[in-house]
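In: Okay, here's the prediction I keep looking at, along with the sequence it came from:
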Amino acid sequence: MGYPNSTPPMLPEIPKRVALLGSTGSIGTQALDVLRAQPGRFVVSALSAQSNTDLLVAQAREFRPAAVVIGDETKYAQVREALANQPETEVLAGAEALAEVAGRPDTDVVLTAMVGYAGLLPTVAAIKAGHDIALANKETLVVAGQLITELVREHGVKLLPVDSEHSAIFQCLVGEEQNPIEKIILTASGGPFRGRSRAQLAQVTRAQALKHPNWDMGAKITIDSASLMNKGLEVIEAKWLFGLRNEQVEVIVHPQSIIHSLVQFEDGSLKAQLGLPDMKLPIQYALGYPQRLPNEFPRFSFLDYPQLTFEAADTTAFRNLGLAFEAMRRGGNAPCILNAANEIAVAAFLRDEIGFLQMSEVVETSLARVSYLAAPTLADYVATDQETRRVATELLQTARA
Ligand SMILES: NC(=O)C1=CN([C@@H]2O[C@H](COP(=O)(O)OP(=O)(O)OC[C@H]3O[C@@H](n4cnc5c(N)ncnc54)[C@H](OP(=O)(O)O)[C@@H]3O)[C@@H](O)[C@H]2O)C=CC1
Ligand SMILES: CC(=O)[C@@H](O)[C@H](O)COP(=O)(O)O
Ligand SMILES: [Mn+2]
């Protein structure tokens, strides 16, 4: 007996064409592992990196996409030369080329695995071209959630979450189309500094912040996890992905990162998705959707995790989570300001220029200083991002002087 109305999983007749933007990063390389393990189901139409030319070239040689984009234009010649004997792969450079490639017609789904605000314009181009989006780049929805979700509806494309919590919620919602959500509960690991006071957080180092207890991720998101800004960004991401009112999104700290998130329906029933902390599953689910593809990923055992624990998030010590909730409630361009200021602050922390707590100060002051817009256009978001980066950079310079 199978499920009612079920059909057996079948190989698609034509492989799905995947444009993988940010292919050299943590999500990008894991996505290529997923594709490699599913021969015949997927082909890679495009790959991109910002500066890691060696890995981008190696990936291009293996996957033979129609296009590769190197973000850093000074590295164009190096990539072009390395791929000179591969005429089927066009080499391009720069941010505009990335958006142009994201909108090419030789693609079915664009996996946005680049980090930061840089995800916004390629995602807009991909949606306008009618491509489904496998969204790892949460900053896109934080910056411009309303605009992106309107574009998604207008162009009739799918917005498939890759972020583990949002994938969990998405998986819980399959088959529940008739049933409104009462609330969602996003789980947070609490990061490496869970339980620390503000006085203790003032002393933590970059090296400590880069050691996430459960996940191996890129540097920016790892710092965001340590400061709980990651959870704040995910709250805003969830609001837009699932069409929720602000008060329908909650956060609970769950240090083991086994329950990836939960949905509560109007009858009080809670559904959760569980698994080991491994991004390959949400990446594969988004790319294979609606199919669950067989794989060899390690399996979860309850006996290895006899205790799954929960606690409240400390928004006094971890100011960023409260700031993100405030930005979500203000709406308009406030989340865009939050995001840009945070990107500047995290980069400064990673350069050892500011302390851990100063990151929240930069975000809070930027939110107070940059002009608020209630109904921003795409051009307004671009301008807000630039203005906030200028303000946040000035704040850092003043603090150093
Ligand atoms: N890592 C994870 O487990 C998870 C990540 N995410 C989200 O996925 C996204 C990617 O994260 P992650 O893989 O960890 O990040 P990484 O830093 O590991 O990788 C980022 C990728 O984006 C490229 N890149 C960097 N800057 C730019 C730019 N300005 N324009 C275009 N491309 C750029 C990098 O190229 P290069 O290598 O050349 O620098 C690299 O390919 C983020 O939005 C993150 O929040 C969400 C859930 C989990
Ligand atoms: C893997 C993933 O989705 C990350 O966003 C993860 O959620 C980070 O963990 P915390 O932010 O909960 O520490
Ligand atoms: Mn996440």
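Out: Cool, got the structure. Ligands and ions are numbered 1, 2, ... in the order given.

In: How many residues are close by Asn160?
Out: Small correction: residue 160 is Leu, not Asn. 22 (other Cβ atoms under 10 Å). Any C-beta I mention is one placed from the backbone N, CA and C, and that applies to glycine too.

In: Sorry, slip of the keys, the one I care about is Pro255.
Out: When neighbours are counted by other Cβ under 10 Å, Pro255 comes out with 19.

In: what sits against it?
Out: Applying Cβ atoms under 8 Å, 6 or more residues apart in numbering, we find Pro255 in contact with Ser189, Gly190, Arg194, Pro213, Thr309, Glu311.

In: okay if I get those residues as TSV plus neighbour count and pLDDT?
Out: Converted to TSV, the contacts of Pro255 look like this (neighbours: other Cβ atoms under 10 Å; pLDDT from 0 to 100):
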residue	neighbour count	pLDDT
Ser189	21	98
Gly190	23	98
Arg194	18	98
Pro213	16	98
Thr309	8	98
Glu311	13	98
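
In: The residues you listed: which two are farthest apart?
Out: Pro213 and Glu311 (14.1 Å; Cβ to Cβ).

In: Am I right that Arg330 is in contact with Ala374?
Out: No: counting by Cβ atoms under 8 Å, Arg330 does not reach Ala374; the two are 9.0 Å apart.

In: quick one: which of the two has more around it?
Out: Arg330 (15 against 9).

In: Let me see the confidence value for the residue of the stretch 1-150 of the chain found nearest ligand 1.
Out: The minimum distance from the stretch 1-150 of the chain to ligand 1, using Cβ to the nearest ligand atom, falls at Gly25 (1.9 Å). In the prediction, the pLDDT value recorded for Gly25 is 99.

In: excluding its backbone neighbours, what's nearest it?
Out: Nearest residue to Gly25 in three dimensions, chain neighbours excluded: Gly218, at 5.2 Å (Cβ to Cβ, 6 or more residues apart in numbering).

In: The residue in the stretch 101-250 of the chain that ligand 3 sits nearest to: neighbouring residues, count only.
Out: Of all residues in the stretch 101-250 of the chain, Asp163 sits closest to ligand 3, at 4.3 Å by Cβ to the ion. Other residues within reach of Asp163, judged by other Cβ under 10 Å, total 28.

In: for it, what are its contacts?
Out: Leu135, Ala136, Lys138, Glu234, Glu237, Pro282.

In: same deal with Ala129?
Out: Ala102, Gly103, Arg104, Pro105, Thr107.

In: Recalculate using a threshold of 10 Å.
Out: Ala102, Gly103, Arg104, Pro105, Thr107, Val110, His155, Val157 (Cβ atoms under 10 Å, 6 or more residues apart in numbering).

In: So what's the residue count around the fourth one?
Out: When you say that, I think you mean Pro105. 9.

In: Quick check: it vs Leu308, distance?
Out: Counting by Cβ to Cβ, to the nearest Å, the gap from Pro105 to Leu308 is 46 Å.

In: thought the residue nearest to Gly25 was touching Val115?
Out: Yes: counting by Cβ atoms under 10 Å, Val115 is a contact partner of Gly218 at 5.8 Å.

In: Spatially, which residue comes closest to the residue of the stretch 1-150 of the chain found nearest ligand 2, not counting chain neighbours?
Out: Closest approach between the stretch 1-150 of the chain and ligand 2, counting by Cβ to the nearest ligand atom: Lys138, at 7.6 Å. Using Cβ to Cβ, 6+ apart and skipping the chain neighbours, the partner closest in space to Lys138 is Glu237 (4.5 Å).

In: Below-threshold pLDDT in the stretch 1-150 of the chain: ranges please.
Out: Applying pLDDT under 70 to the stretch 1-150 of the chain flags the ranges 1-13.

In: Quick one: the strands in the stretch 101-250 of the chain, in order.
Out: 109-112, 132-135, 159-161, 181-188, 249-253 (DSSP state E, counting those that start in this stretch).

In: Quick one: those strands as JSON lines, columns for distance to Ala97 too.
Out: What follows is those, written out as JSON lines (distance: least, Cβ to Cβ, whole Å):
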{"stretch": "strand 109-112", "distance to Ala97": "14"}
{"stretch": "strand 132-135", "distance to Ala97": "19"}
{"stretch": "strand 159-161", "distance to Ala97": "24"}
{"stretch": "strand 181-188", "distance to Ala97": "35"}
{"stretch": "strand 249-253", "distance to Ala97": "36"}
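
In: could you dump those to TSV with distance to ligand 3?
Out: Listed next are the strands of the stretch 101-250 of the chain as TSV, based on distance: least, Cβ to the ion, whole Å:
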stretch	distance to ligand 3
strand 109-112	14
strand 132-135	12
strand 159-161	9
strand 181-188	8
strand 249-253	12
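
In: Quick one: name the residues of the stretch 201-350 of the chain near ligand 1.
Out: Trp215, Met217, Gly218, Lys220, Ile221, Met279 (Cβ under 6 Å from any ligand atom).

In: residues contacting Ala97?
Out: Ser48, Ala67, Val68, Val69, Ile70, Gly71, Glu73, Tyr76, Glu90, Val91, Pro122.

In: Pull the contacting residues for the last one.
Out: Read that as Pro122. 19, 21-22, 48, 69, 95-103, 110, 112, 114, 133, 137, 140.
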